[in-house]
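*Asks:* no sequence on hand, only this structure:
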Ligand code: CDP
Ligand code: CDP
């Protein structure tokens, strides 16, 4: 079974996807982490964030690997754990430019489809339901107000130990800018798939969102075994 979770920044995609993956023993794939890793690689190679060919070559040299360590998702590149680095405000501010490059998307989508392979998978991102896994049995589109997403992101920084001098207002502005860029790019923009179920998480707890999605998955599993 394939479960696709899309939505704007900080809507809770990775949080709920991880919990569901654990509960159902599905493989979890964080596609945003892959585009963030591309951005870290571009920066490490001192490349312009629009230098498509240069970034492609650098990705080939350094590689991107998602690993699960003690139940935690880690991102490695060039033999180094870059899991914290990919979340810094500098990378967040530039990732939308890198992720809009057609050849970078082509490469990441091919990798994502390969990783999804034959296993049960839950994948989160922006274009999973529309492009990466168009035949996913369950498609969810998570949304929440920009302010609550910024507040969540601030808390998330504190919990992960990422230092930031940004205010909630600044984070909200950054998130809104990134959503705008992600929704307006030419190739596979952030968009709800026609057959996706939209859930507004603004006033929901994580458990409520998880339970709603689990219900949809179980209904579908029943349909598949009939
Ligand atoms: O965690 P957050 O929602 O802030 O973002 P993310 O899921 O880590 O994704 C970071 C960025 O990668 C997004 O803003 C998009 O520019 C890009 N992305 C994408 O283009 N397509 C995806 N399937 C996933 C992420
Ligand atoms: O992956 P995405 O960027 O969509 O969001 P995330 O990284 O899962 O971040 C969402 C943050 O909001 C996490 O710190 C969650 O604990 C929190 N949160 C949530 O995900 N869902 C709720 N209903 C309430 C809070």
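*Replies:* Received the coordinates, thanks. Being a predicted model, the structure only gives us computed values, none of them experimental. Ligands and ions are numbered 1, 2, ... in the order given.
*Asks:* what about the protein, any weak spots by pLDDT?
*Replies:* For the chain, the stretches with pLDDT under 70 are 224-226.
*Asks:* near ligand 1, which residues of it show up?
*Replies:* Within the chain, the positions near ligand 1 by Cβ under 6 Å from any ligand atom are 9-10, 31-33, 35-36, 95-96, 99, 125-128, 178, 182. The C-beta positions use only the backbone N, C-alpha and C, and glycine is treated the same way.
*Asks:* near ligand 2 at all, stretch 19-33?
*Replies:* No. Counting by Cβ under 6 Å from any ligand atom, no contacts exist between stretch 19-33 and ligand 2, the nearest distance being 6.6 Å.
*Asks:* what sits up against that stretch?
*Replies:* Residues outside stretch 19-33 that contact it (Cβ atoms under 8 Å, 6 or more residues apart in numbering) are 1, 3, 13-14, 17-18, 66, 68, 71, 73, 75, 83, 86, 95, 108, 112, 115-116, 119-126, 128, 132, 206, 210, 213-214, 217.
*Asks:* so what's the residue count around the closest residue to ligand 2 within the chain?
*Replies:* Per Cβ to the nearest ligand atom, residue 12 is where the chain lies closest to ligand 2, at 2.7 Å. Residue 12: 23 surrounding residues under other Cβ atoms under 10 Å.
*Asks:* quick one: residues contacting it.
*Replies:* Residue 12 neighbours (Cβ under 8 Å, 6+ apart): 142, 144, 152, 201, 206, 209.
*Asks:* that'll do, ta.
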